[in-house]
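1. Turn this into a structure:
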Amino acid sequence: MNAEPAAGLAGQVATVANVPAGPTYFDVGNASQTSFYYIPRVQFGVTWIDPSTDEPIPKGQAVVAGKYKIEYGFMDSDCNIIGSDRQDLLGEVTLTASMSEDGDVIQPTLDSGAEYDLAAGDAVVTVDGTYLGGNPAHAEIKQHIYPAPELGTITIDHPDLTVTSLNSSASISATYAGADGRTVTQQEWDAIDPSAFTVTGKPAAGIRWKVIKGKTPGALNLIPVSANGDIYSVDTSHPVRLKVAADYTYDEGIKRATGTTDVTVVDDISFWDRLLHWFEKDGWKLLLGLLALLLLAGYIFKKRFSRRFKSAPHINARPRTFGMPSGQSRGEFKKSLGYRLLPFFADRATFRYAPGTAGFTRLKLKAVSRGAGEVTNWKALVSAHRPEKSVEVNGTRFDKDLTRPPRSAPAASSPPRTPT
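-> Below you'll find the model as predicted:
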């Protein structure tokens, strides 16, 4: 069918093929007026709807003898019938149809949306219509109608499983038989594609199933594997309702069968195996997080020296011997780098409170509450006490009467006193 543009046009004519569905934009330059002439790309189609579910038979699935609702009309590229809400580009549409079966007309007038009984055979729906002001359209749509399905049986054996066998040796045997329990022939069995058999479990329980055809007619092996490759995620709290189904076409006949059973999955994984698996998967992350929090707490709550401890404090020398001069010198307060880096452990430091040639032992300090320092080598200082060379910290003398470590409080000038 060719479109005939109006005569007497002044300008240019452009032909565009295969314009897709949806909005389309054309650059027409400085044209003052634009007209479009189009031929819609349409096709007739028929939808077979199961009245019990009001759902169309999926494409590729066999249509069997029975009652169906038949809808026909123009279809889009997705095989959906174009309803009145999408017919603007088709103009006024008229449709008529009839249906024949095996060459005989069984419905001279076919009403779209009505229900009809279909017998096994080859049905043809003939559709005639007009659109866009009388443009004619014609189609003959063929559909093979299969006889009612032949129902067989599936028997499932040995349904109990263990979790550890899922990804290795687990297998459940099943037997398929035709109608009335007959054994299918070797020829029919060889013609059946393995995809004709499906198996499902409810609840899924983290298990995925596949079916393997045996060499002997009717022999099936149901293979369970963990859905994500992780047997530790398999749910064993409830039995699994296993359903095996067959659906295929052979010798112009549809064959169907189902079988069900309850499968018990036994959890044979030990507590320690599960704990180790959890640790390898998630536990180590939790452990690292806890260690990080623990280290953070160790740095937050560890005891530190007050900032009032100066690295080179002033030392006041107060002589106790008549005639000796007083004076001031610089001491040395040096923190231990190792203890500063360790969490939880209190900071440590050494304090030189007299010139290096004076012969006084350095104080070893440990940080305590309120930023003070506790003398840790006080026993050595007590042992070294001499009347002519003694040490006092905050008024506490290191002599034989000292029974516990004194504390050194931070100050602008060093509190220890040494005689000169």
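
2. now the stretch 1-150 of the chain, which segments are flagged as low pLDDT?
-> Along the stretch 1-150 of the chain, segments meeting pLDDT under 70 span 1-10.

3. if we go to 50?
-> Applying pLDDT under 50 to the stretch 1-150 of the chain flags the ranges 1.

4. For it, which segments count as strands?
-> 43-50, 55-56, 63-64, 66-75, 94-101, 104-107, 114-118, 121-131, 135-146, 150-156 (DSSP state E, counting those that start in this stretch).

5. Quick one, which of the ones you listed gets closest to Asp235.
-> Nearest to Asp235, of all these, is strand 150-156, at 20.3 Å by C-beta to C-beta. Heads up, the C-betas are built off the backbone N, CA and C, glycines and all.

6. Which neighbours in the sheet does the very next helix or strand once past the closest one have, and how are they oriented?
-> Sequence order places strand 161-162 as the next helix or strand after strand 150-156, per DSSP states H and E. Using DSSP bridges, strand 161-162 pairs in its sheet with strand 265-266 (parallel).

7. Report the mean confidence score over the partner strand.
-> Averaging pLDDT along strand 265-266 gives 90.

8. going forward can the numbers begin at 259, since that is how I track them
-> With the count now opening at 259, the last piece we talked about shows up as strand 523-524.

9. and Gly436, which of the strands of the stretch 259-408 of the chain is closest to it?
-> Relative to Gly436, the nearest member of these by C-beta to C-beta is strand 408-414, separated by 4.5 Å.

10. Mind putting the strands of the stretch 259-408 of the chain into TSV with mean neighbour count and distance to Ser491?
-> Listed next are those as TSV, based on neighbours: other C-beta atoms under 10 Å; distance: least, C-beta to C-beta, whole Å:
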stretch	mean neighbour count	distance to Ser491
strand 301-308	18	38
strand 313-314	13	34
strand 321-322	16	40
strand 324-333	18	43
strand 352-359	17	53
strand 362-365	12	56
strand 372-376	13	47
strand 379-389	18	50
strand 393-404	14	42
strand 408-414	18	24
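
11. export those strands to a markdown table and tack on distance to Gly517?
-> Shown next, in a markdown table, are the strands of the stretch 259-408 of the chain (distance: least, C-beta to C-beta, whole Å):
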| stretch | distance to Gly517 |
| --- | --- |
| strand 301-308 | 24 |
| strand 313-314 | 25 |
| strand 321-322 | 21 |
| strand 324-333 | 24 |
| strand 352-359 | 35 |
| strand 362-365 | 38 |
| strand 372-376 | 29 |
| strand 379-389 | 31 |
| strand 393-404 | 23 |
| strand 408-414 | 3 |
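
12. According to the record, where do the domains of the chain fall?
-> 301-404, 408-524, 572-666 (automatic domain parsing).

13. Pro497 is nearest to which of the strands of the stretch 259-408 of the chain?
-> Nearest to Pro497, of these and by C-beta to C-beta, is strand 408-414 at 13.2 Å.

14. quick revisit: mind putting the domains of the chain into a markdown table with distance to Tyr557?
-> A markdown table is the format used below for the domains of the chain (distance: least, C-beta to C-beta, whole Å):
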| stretch | distance to Tyr557 |
| --- | --- |
| domain 301-404 | 64 |
| domain 408-524 | 37 |
| domain 572-666 | 5 |
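
15. looking at the strands of the stretch 259-408 of the chain, which is closest to Arg566?
-> Closest of the strands of the stretch 259-408 of the chain to Arg566 is strand 408-414, at 83.0 Å (criterion: C-beta to C-beta).

16. quick one: contacts for the closest residue to Lys327 other than its chain neighbours?
-> Nearest in space to Lys327, with sequence neighbours left out and distances taken as C-beta to C-beta, 6 or more residues apart in numbering, is Ile307 at 4.0 Å. Each residue near Ile307 by C-beta atoms under 8 Å, 6 or more residues apart in numbering is listed here: Glu313, Pro314, Ile315, Tyr326, Lys327, Ile328, Glu329.

17. Okay, and the beta partners of Ile307?
-> As for beta bridges, Ile307 partners with Pro314, Lys327 under DSSP bridges.

18. From Leu348, how far off is it?
-> Distance, Ile307 to Leu348, using C-beta to C-beta, to the nearest Å: 23 Å.

19. what do you get for Gln445?
-> 50 Å.

20. neighbour count winner among these two?
-> Set Gln445 next to Leu348 and count neighbours by other C-beta atoms under 10 Å: Leu348 wins out with 18 against 10.

21. which non-adjacent residue is nearest that one?
-> Nearest non-adjacent residue to Leu348, counting by C-beta to C-beta, 6+ apart: Tyr389, 4.5 Å away.

22. Tell me if I'm right that the one you found and Phe332 touch.
-> Yes: shown here, Tyr389 and Phe332 form a contact pair, counting by C-beta atoms under 8 Å, at 7.4 Å.

23. contacting residues for Phe559?
-> Applying C-beta under 8 Å, 6+ apart, the residues near Phe559 are Phe602.

24. nope, Ala504 is what I was after
-> When contacts are counted by C-beta under 8 Å, 6+ apart, Ala504 touches Gly410, Ile412, Tyr434, Ala454, Phe455, Lys513, Arg514, Ala515, Thr516.

25. Now with 10 Å, please.
-> Residues near Ala504 by C-beta atoms under 10 Å, 6 or more residues apart in numbering: 409-412, 434, 436, 450, 454-456, 469, 478, 513-517.

26. Okay, now the sheet partners of the helix or strand harbouring it, with direction.
-> For Ala504, the element it lies in under DSSP H and E is strand 498-508. Partner strands for strand 498-508, per DSSP bridges, with pairing direction: strand 455-460 (antiparallel), strand 511-521 (antiparallel).

27. Tell me which of those sits nearest to Arg566.
-> Closest among the strands paired with strand 498-508, using C-beta to C-beta: strand 455-460, at 72.7 Å.

28. Contacts for the closest one, please.
-> Here strand 455-460 makes contact (C-beta under 10 Å, 6+ apart) with 412, 414, 430, 432, 434, 465-471, 478, 480-482, 496-506, 515-518, 521, 523.

29. Turn the buried ones among these into a named ChimeraX selection, would you?
-> The ChimeraX selection below is limited to those of these classed as buried (16 or more other C-beta atoms under 10 Å):
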select :412,414,430,432,434,465,467,469,471,478,480,481,482,497,498,500,501,502,503,504,505,506,515,517,521,523
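
30. if we can go back for a sec, my guess is the residue nearest to Leu348 meets Gln301, correct?
-> No: the criterion here is C-beta atoms under 10 Å, and Tyr389 misses it with Gln301 at 12.0 Å.
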